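Q: The following comprises the amino acid sequence and a computationally predicted model.
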Amino acid sequence: MKTALITGANKGIGFETARQLLQHGYHVYLGSRDAQRGQQAADHLRAAGYPHVTPIQLDVADSASIAAARAAVGQQTPVLDVLVNNAGISGGYPQPALDTPLSTFREVFNTNVFGPIEVTHAFRDLLRQSPAPRIVNVSSGLGSLTLQNDPSWRFYSVKGGIYPPSKTALNAYTVALAYELRDTPFKVNLVCPGYVDTDFTDHLGDSSVTGAATRVTNVALLGPDGPTGQFFGQEAGSDLNPW
């Protein structure tokens with residue numbers, strides 16, 4: 001049975017991505033910063049008929065938590081086929097570039113940039129044991145410098161000094177990682193799930209959680225001829241269906 005680890009998976013897009021990968025026959029390690037909420041999410045999935053789910057306490061902003069999660073997953077499986085770096089925070093809006101406290105910049109970058117990097121580093125040995133490892137980093141169109149400079153883009157006025165730059169940095173890291181792994185079976189890609197109706201957007205989004213998770217799942221399920229180092233999502237005009 002193939003395996004997947006999803007960070008920030010106790011609710012929203014991460015939870016629905018877990019459900020969809022379970023439907024595709026994966027055993028899912030459901031990462032959650034709060035252990036109790038992760039257990040509740042796993043119990044909900046099991047009650048819905050998906051027994052192959054294991055909650056893992058994982059705070060991507062805490063090195064000790066990442067190391068403990070790696071040890072916990074490694075005790076149960078020698079192979080990880082899919083890593084979805086989904087956990088993220090916005091830092092709150094408005095976030096003026098000049099007046100937002102530096103501590104908030106550090107908090108957001110620690111979760112949105114350094115978190116995915118450290119998780120990837122921690123689990124790379126298990127991923128290397130897979131014949132077809134996939135890394136999916138959940139990003140945002142707000143991190144696109146091209147879109148941010150396009151007055152015709154519908155979110156052109158949504159500027160923030162912290163969250164968008166954190167996703168820009170994640171995008172750049174992902175492209176570099178994909179290039180480094182270009183001659184291996186790895187596929188490393190970015191997905192913008194869209195403006196989604198979740199707690200993250202105060203339920204103001206106009207895209208469903210199911211549709212957003214489908215974008216993530218599709219990239220996680222890429223076949224051997226699929227792309228790597230790419231950005232997928234509605235805002236990029238490049239939704240992907242690998243089937």
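A: Great, that's in hand. Numbering: from 1, shown residues only.

Q: going forward, measure contacts and count neighbours with C-alpha atoms only.
A: Will do.

Q: centroid residue for this structure?
A: The centroid of the chain falls nearest to N86 when counting by C-alpha atoms, centre = their mean (2.3 Å).

Q: Alpha carbons only: can I get the longest helix anywhere in the chain in PDB?
A: Identified as the longest helix of the chain according to DSSP state H is helix 163-180. Extracted C-alpha coordinates of helix 163-180, given in PDB (Å, rounded to 0.1, in the frame of the first residue of the first chain):
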ATOM      1  CA  TYR A 163       2.000  36.000   3.300                       C
ATOM      2  CA  PRO A 164       2.500  36.600  -0.400                       C
ATOM      3  CA  PRO A 165       6.300  36.900  -0.100                       C
ATOM      4  CA  SER A 166       6.400  33.700   2.000                       C
ATOM      5  CA  LYS A 167       4.700  31.900  -0.900                       C
ATOM      6  CA  THR A 168       7.100  33.500  -3.300                       C
ATOM      7  CA  ALA A 169      10.000  32.100  -1.300                       C
ATOM      8  CA  LEU A 170       8.300  28.700  -1.200                       C
ATOM      9  CA  ASN A 171       7.900  28.800  -5.000                       C
ATOM     10  CA  ALA A 172      11.500  29.600  -5.500                       C
ATOM     11  CA  TYR A 173      12.700  26.800  -3.200                       C
ATOM     12  CA  THR A 174      10.400  24.300  -4.900                       C
ATOM     13  CA  VAL A 175      11.700  25.100  -8.400                       C
ATOM     14  CA  ALA A 176      15.300  24.700  -7.100                       C
ATOM     15  CA  LEU A 177      14.500  21.400  -5.400                       C
ATOM     16  CA  ALA A 178      12.800  20.100  -8.500                       C
ATOM     17  CA  TYR A 179      15.800  21.000 -10.600                       C
ATOM     18  CA  GLU A 180      18.100  19.300  -8.100                       C
END
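
Q: So which elements touch that helix?
A: With contacts taken as 3 or more C-alpha pairs under 8 Å, 6 or more residues apart in numbering; DSSP states H and E, helix 163-180 sits against helix 102-109, strand 187-192.

Q: show me what contacts the residue nearest to the centre of the chain?
A: Applying C-alpha atoms under 8 Å, 6 or more residues apart in numbering, we find N86 in contact with 6-9, 13-14, 137-138.

Q: can we see that at 10 Å?
A: Residues in contact with N86 (C-alpha atoms under 10 Å, 6 or more residues apart in numbering) are 5-9, 13-15, 17, 31, 60, 112, 116, 136-139, 191, 216.

Q: quick one, which of the helices and strands packed on helix 163-180 is nearest to R46?
A: Judged by C-alpha to C-alpha, the one of the helices and strands packed on helix 163-180 that comes nearest to R46 is strand 187-192, at 27.1 Å.

Q: what angle separates the closest one from helix 163-180?
A: Between the axes of strand 187-192 and helix 163-180, defined by axes from the mean of the first three to the mean of the last three C-alpha atoms, to 10 degrees, the angle is 160 degrees.
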